[in-house]
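In: Attaching a predicted model along with its sequence, questions to come.
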Amino acid sequence: MKDLIKLNGFELLKIEVETQLKDYDLIEVSNDETYKEAKTQRATLNKLSKSVDDERKSITKTLKKEIDNIIALVEIKMDILDTRTTSWECKLQDKRQQEINDYYEELKIPVSLKYIQTEKWLNQTFKWKEEMSALNISIRNDLEILKSLNVEFTEELIGIYKQIVNVGEAIKEYDIEFGEVKRIERQVTFNATDEEYQKVLDFIKSLGL
């Protein structure tokens, strides 16, 4: 690809500059007169340098525009391919999602699919079926554990778990949500503050009751 670009104009420009420089026999500065001549030569060469630099800027601007046009031709093709591949990927994901839905119904997992499915399941190389099967076993075991706990609001605890799908986090959320209910019930029943109620509990424990 790099051999396709032949910038012959640069070579011609170099030859032209070298030709003009041949006329300059650089002066040895030894007195005021030669000093002034050297300064004049320096100013003339500076103009030549600026002229070359202006040409560089013009060539660079033109070259950039032409290269941008060529890149645009490639990008048009890339955009078409992106559209086509994205469309096909959407079809593959729709197909995968239907497979996920069907297997979920087959396993009859007691938790809503939206709380267990992750984006990676739609990845065509991810082994989603193995993960869903393992989750099914784990969820059923968790529910058995929760049902065996001696709590006042078992169904509520299970309801929280089914949205979190984590036993430890579900119990924490349960304590936050229903701990307040219990606190209010204690205040109504015993007409005592939390601190007073805790003192009673500590006293009872000290008696070994």
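Out: That came through fine.
In: Does R56 lie in a helix or a strand, and which?
Out: In this assignment (DSSP states H and E), R56 forms part of helix 32-107.
In: Show me how far that helix is from its chain's centre.
Out: Helix 32-107 sits 24 Å away from the centroid of its parent chain (C-alpha atoms, centre = their mean, to the nearest Å).
In: following it, which helix or strand comes up?
Out: Toward the C-terminus from helix 32-107 - assigned by DSSP H and E - lies helix 128-148.
In: Contacts made by that following helix with the rest, please.
Out: When contacts are taken as C-beta atoms under 8 Å, 6 or more residues apart in numbering, the neighbours of helix 128-148 outside the stretch itself are 96, 100, 103-104, 107, 109-111, 116, 120-121, 154, 157-158, 161, 165, 167, 170. C-betas here are computed from N, CA, C, even on glycine.
In: Repeat the analysis, applying 7 Å as the threshold.
Out: Outside of helix 128-148, the residues that reach it under the criterion C-beta atoms under 7 Å, 6 or more residues apart in numbering are 100, 103-104, 107, 109-111, 116, 121, 154, 157-158, 161, 165, 167.
In: Closest one to K47 out of those residues, please.
Out: Lowest distance from K47 to these (C-beta to C-beta) belongs to W121, with 70.0 Å.
In: how far away is the closest residue to that closest one other than its chain neighbours from V74?
Out: The shortest distance from W121 to any residue that is not its chain neighbour, by C-beta to C-beta, 6 or more residues apart in numbering, is 4.0 Å, and that residue is W128. Per C-beta to C-beta, to the nearest Å, W128 is found 36 Å from V74.
In: In the chain, which residue is most central in space?
Out: In the chain, the centroid-proximal residue (C-alpha atoms, centre = their mean) is E119; its distance is 13.6 Å.
In: Now do the same for it: its pLDDT.
Out: The predicted structure scores E119 at 95 on the pLDDT scale.
In: Now do the contacts for it.
Out: Under the criterion of C-beta under 7 Å, 6+ apart, the contact list for E119 is empty.
In: measure it to I71 for me?
Out: Between E119 and I71 the distance is 33 Å, computed by C-beta to C-beta.
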